[in-house]
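need a 3D model of the following:
(chains A and B)
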Amino acid sequence: MRWMSVIGLRLRSLLLRNKVEQELDEEMRYHLEREIEEAIAAGMSPQNARYAAMRSIRDIEQRKEECRDVRGLNPFDKTLQDLSYAVRQLQRNPVFACTAIFVLALGISVAVSIFGFVDAALIRPLPYADQGRLVAAFESSPGTPRSWLSYLDFEDWKKLNKVFASIDAYALNGSFTLSTSTGAEQVPGTRVSAGFFRTLGIQPAFGRDFRTGEDSAGASQTVILSYRAWQERFAGKRDVLGRTLILNGIPAIVIGVLPANFQFAPYGGAEFWTTLRGTDSCEQHRDCHNLIAIARLNDGLSIETASQNMRLVAEQLQRQYPGTNRFFGSANLVPLRDFIVGDVRSVLLMLFSGAGLLLLMACVNVATLLLARSDKRRREIAVRGAMGASSSRLFHQFATEGFVLATAGCILGLALAQAGIRLLTNLIPPEKMESMPFMRGLGLNAWTVAFACGLSLLAGIAFSFIPVARASLGTMTEGLKEGDRGSAGTTWRRFGSGLVVTEIALAMVLMVSAGLLGKSLYQLLHLNVGFKPDQLVYFQTSWAPGRYQTDKQTALLGRQMVDRISSLPGVTSVGLATAPPIDSAWGTASFHIAGQPNHGENNEVINRRVSAGYLRTLQAKLWKGRYFSDVEDTSKPPVVIINTTLAKKFFPGQDPIGRQIYYDWSPQSLMQVIGVVDDIKEGPLEDPNWPALYVPCNQAPLAWPAVLVRTSQPVQWASSKIIAAIHGIDAFITVSAGVSMTERINLSPTAYLHRSAAWLVGAFACAALLLGVVGLYGVVAYSVGQRTREIGVRMALGAERGAVYQLVLGEAGRLTAIGVVLGAIGSVGAATLFQTMLFGVRSWDPQTLLGVAVLLGIAALLASYTPARRATLVNPVEALRAE
Amino acid sequence: MSKPTDLVQGTLDLLILKTIALEPMHGWAIAQRIRHTSGDVLQVGQGALYPALHKLEQNGWIQSEWAISETNRRAKYYKLTRAGRKAMESEASQWERLSAAISLIVRTV
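Numbering: from 1, shown residues only, chains lettered A, B, ... in the order given. Now for the predicted structure:
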């Protein structure tokens, strides 16, 4: 009851302000009139009575104020007053207001945009049921902590583990050959164990999931479509269920369609999902690793406990199968999010830190502006203080101004961030987007808006304190003195200089980071890859398994391809290989040198079957010996070419030519080394070169070859001719669109990651340079303005222009130098933090540090030149008179 | 004129509550009544009275309404609420205890 009436009263005070005011007035007047009457009745003359009453009027106003205070009107009123005053202040200084708001908005928008990505990739849960319990499971060997799982090991893990509610796996080959009426098409898709979608907690949009046992060898083949495949390939018709498709030459019945929002980043673009059946040739060998397992931990079990249990399982299998599992005695569980987000995490965190620094710079910049302004307002503040404004009232006023700025910056920043996120997501090429489905359709959401509001709140608080700190630096009476340029001026300069030094240091950190990343990218793109990528076009062929059954048929097909393509106009040479250079899928084999004791070491090297003309097509440099010749076929003794890394590692100080080596799996396969080529970059760009051996495909059959063509024609034009030529041999061979190797290097995941990082941090650095220069300019210009009289006196006393230049530029130079030194220390520290992002460059690269320091120095000189010039133009007489 | 600080903390509230416990009154009348009843010892000026009245109203202890006064003019009358009566009783007993204790000391020492 009482609370209700209290709330009612408060609301009344707030909403019926005029009425409450009027009543207050009337109540006081009534009292006053009764006093007058009383006084008259007591014998005072009416005039005197009125005078006495009039004298107490001031008192009455104070009482009314107290009554308002009690009624809780005042804080509200004062805030409104402060708000309108703050807005008026900003309107009076549009240049200051616009600069401050824009700089702040820039900082906030950059931070919020990057936070949008951080939120999507690292904070927001993956779209799976209870995703925190999902892990990716790998086998683990001493050299490779995350090795793929072999099918037979996976089957045993399923039976032996005690820690997973379920464990399922998907295969690493990401496509199928889909037979159509006119030929064949390579379609994205993969094979999974039957419970895969159940483990993720995903149900088909319609149709059904794979049933348990549908992944056994005997079950009939079924396929689940992605929503996109259903829409685009089957026009979204429901009668797709029950249709039979020919995938990899095997009929498969469509049983379901996945939900539209389903995503699985490792195979973002997968359209066809069939079951693992253990019938694949790889899946019958325990040492052929082609799966990644996804498992759901039992409730309440930590990932550490589960890892321990799985390591025991792996050890048990190692004891049981010493031959195949010799190097895989351990297991590795990784939270699914970590596995899926992968490399992007470090880039995002680096960008986020960069954005944070930029925001900090923006805030420091605005703080400098505020500081300069509060210095100009010293007299105003002093006057208001003298008129009786309490310090809390003044603080209230400054806080309101700070928050008005921060709020305006926040709103504009959010608008810019929305545009920024759009722009950034549009910059991600579609094929990269497929592996980062969590970044699709990003925009502002509750989290990002809350983040922006939090940032502006902090900024607002910081801005509120600057003028207050400033006000307490100088006493009020000092502020009142006309033309005072005393101690407060020096304190200001000290505080302002601190801010400028901070800004320059931050700019230095961002610029050095950008420089290092840019240099890394350059190193990466100009890496010696061991072949000439220009005008070299790569095609991937594939066909349904079993279409070419015998080795002879496969070898014949290879020869035909080479012949047909070579005869095309503009084609210089053609080569076939198991995989193109700069590939992430590594075909490896273990070998031994004939005549040396075999202690069962695992000499794992890259193993490529190539056509006779392959190395010549790549223009790989022959170091020793000779290339393959076309006549070397099964009728001739087996030969092999090795790379220099292999030669140096396994034949140190010896001539490998003429030596014999054999694969571990067949000691009879003696091959003679006939040549050594310079290392060709077979793996990812940033990885060190591995030992590699090349064997001719005329001696070891090569299915689904990568075709590399050196042509003098434009890639696009040559591509269509080459694809047509292959289809001329067999329409049921699928061929990927031709990609030039230059493009492949540029688009490789590593280059892409480095390029995005370099460009974005580069953009941050440009903004940082701009902010730093503007901040320095502001401070120097202000300081010159303040010292006009001093300069006037100096010139009146005979100071030369040069001396004045020296005075102003000297101060700017000193600040810049301190900033650069601090920044250099900071940037070495920062670069150490993102060491993994650097390639071929050290975190303390002197060239970059020096370059950035010189650049910043020049920029600082330019920024302070204009104010310095203005200082030299000071007319001593006027300067002295004006003060 | 006595200021609130001249009175023992919180006594003015008690005086006001006690005064309007008999009948609703406007501010001026409350001041007069306190003065008369105390034999001109306690003089409550408007400086202390009105902020106190508004505070008591905000507390929900008294209610106000406009009515025609004895001089035929509109005046704001305050009356006690139920919560106010309870508050008055507890404040009164508090005062009794306090004043008794103070008298004890004043007499004996």
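
give me the nearest residue to A:V639, chain neighbours excluded.
A:I674 (4.7 Å; Cβ to Cβ, 6 or more residues apart in numbering or on different chains). For glycine as for every other residue, the C-beta is placed from the backbone atoms N, C-alpha and C.

got it, and A:E434?
Closest to A:E434 by Cβ to Cβ, 6+ apart is A:G268, at 3.4 Å.

check whether the one you found really touches A:S435, as I assumed.
Yes - the pair A:G268 / A:S435 is scored as a contact, 4.9 Å apart, by Cβ atoms under 8 Å.

any idea how far A:K159 is from chain B?
A:K159 sits 73 Å away from chain B, going by Cβ to the nearest Cβ, to the nearest Å.

where's the residue nearest to A:Q131 when sequence neighbours are not counted relative to chain B, distance?
In this structure, A:Q131 finds its nearest non-sequential neighbour in A:P125, 5.0 Å apart by Cβ to Cβ, 6+ apart. A:P125 is 48 Å from chain B, where distance means Cβ to the nearest Cβ.

one more: A:I680?
Taking Cβ to the nearest Cβ as the measure, A:I680 falls 86 Å from chain B.

list the contacts of that residue.
For A:I680, the contacting residues are A:529-531, A:581, A:618, A:620, A:643, A:692, by Cβ atoms under 8 Å, 6 or more residues apart in numbering or on different chains.

for it, which three-state class applies?
Classification of A:I680 by DSSP: H, G, I helix; E, B strand; the rest coil places it in coil.

quick check: phi and psi at it.
phi -100, psi 130 (degrees, to the nearest 10).

so where does the residue nearest to A:Q131 fall, helix or strand?
Here A:P125 is covered by no helix or strand, with elements defined by DSSP states H and E.

and it, what pLDDT?
On the pLDDT scale, A:P125 is placed at 86.

residue 97: neighbour count?
Chain wasn't specified; assuming chain A. Using other Cβ atoms under 10 Å in any protein chain shown, A:A97 has 18 neighbouring residues.

sorry, should have said chain B
Count around B:R97 with other Cβ under 10 Å applied: 10.

any idea how far it is from B:D13?
16 Å (Cβ to Cβ, to the nearest Å).

give the buried residues for the longest helix anywhere in chain B.
Across chain B, the helix with the greatest residue count (assigned by DSSP state H) is helix B:82-108. Buried residues in helix B:82-108, defined by neighbour count with 16 or more other Cβ atoms under 10 Å in any protein chain shown: B:83-84, B:87-88, B:91, B:95.

A:P714: which of the residues you listed is nearest?
B:A83 (91.3 Å; Cβ to Cβ).

hmm, B:G60 and that closest one touching each other?
Yes - the criterion here is Cβ under 8 Å, and B:A83 meets it with B:G60 at 5.4 Å.

ok, the strand or helix carrying B:A75: who's next to it in the sheet?
Element membership for B:A75, per DSSP H and E: strand B:74-80. Paired neighbours of strand B:74-80 in the sheet (DSSP bridges): strand B:25-26 (antiparallel), strand B:62-68 (antiparallel).

which parts of the stretch 401-550 of chain A are helices?
A:430-433, A:446-473, A:476-480, A:487-525 (DSSP state H, counting those that start in this stretch).

just those helices: most buried one?
helix A:487-525 (a mean of 22; mean count of other Cβ atoms under 10 Å in any protein chain shown).

tell me the contacts of A:R238?
A:F206.

the residue nearest to A:N93 when sequence neighbours are not counted: neighbouring residues, count only.
Distances taken as Cβ to Cβ, 6+ apart put A:R373 closest to A:N93, at 7.2 Å, once the chain neighbours are dropped. Residues contacting A:R373 under the criterion other Cβ under 10 Å number 18.

mind checking the SS state of A:R373?
helix.

for the stretch 51-200 of chain A, what lies in contact range of chain B?
A:59-60, A:62-64, A:66-67, A:69-72 (Cβ under 8 Å from any Cβ of the partner chain).

what bits of chain B have low per-residue confidence?
Residues of chain B meeting the criterion pLDDT under 70: B:1-10, B:109.

how about the residues of it by chain A?
B:26-28, B:46-47, B:50-51, B:54-55, B:57-60, B:63, B:66, B:69, B:71, B:73-76, B:81-83.

hmm, back to that, the longest helix of chain B versus strand B:74-80: what angle between them?
Angle of helix B:82-108 versus strand B:74-80, following axes from the mean of the first three to the mean of the last three Cα atoms, to 10 degrees, is 70 degrees.

which residue ranges form the helices in the stretch 101-250 of chain A?
A:151-160, A:196-200, A:227-233.

wait, what's in contact with the most centrally placed residue in chain B?
Closest residue to the average C-alpha location of chain B: B:I16 at 1.3 Å, with Cα atoms, centre = their mean. Shown in contact with B:I16 (Cβ under 8 Å, 6+ apart): B:30, B:34, B:49, B:52-53, B:56, B:62, B:78.

which strand or helix spans it?
helix B:11-22.

using CSV, write out the CA atom coordinates for that helix.
Coordinates of each C-alpha in helix B:11-22 appear next as CSV, following Å, rounded to 0.1, in the frame of the first residue of the first chain:
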residue,chain,number,x,y,z
THR,B,11,12.3,15.4,16.5
LEU,B,12,10.7,17.7,14.0
ASP,B,13,9.2,14.8,12.2
LEU,B,14,7.7,13.6,15.4
LEU,B,15,6.3,17.0,16.2
ILE,B,16,4.7,17.3,12.8
LEU,B,17,3.2,13.8,13.0
LYS,B,18,1.9,14.4,16.5
THR,B,19,0.4,17.7,15.5
ILE,B,20,-1.5,16.5,12.6
ALA,B,21,-2.6,13.3,14.3
LEU,B,22,-5.5,15.3,15.8
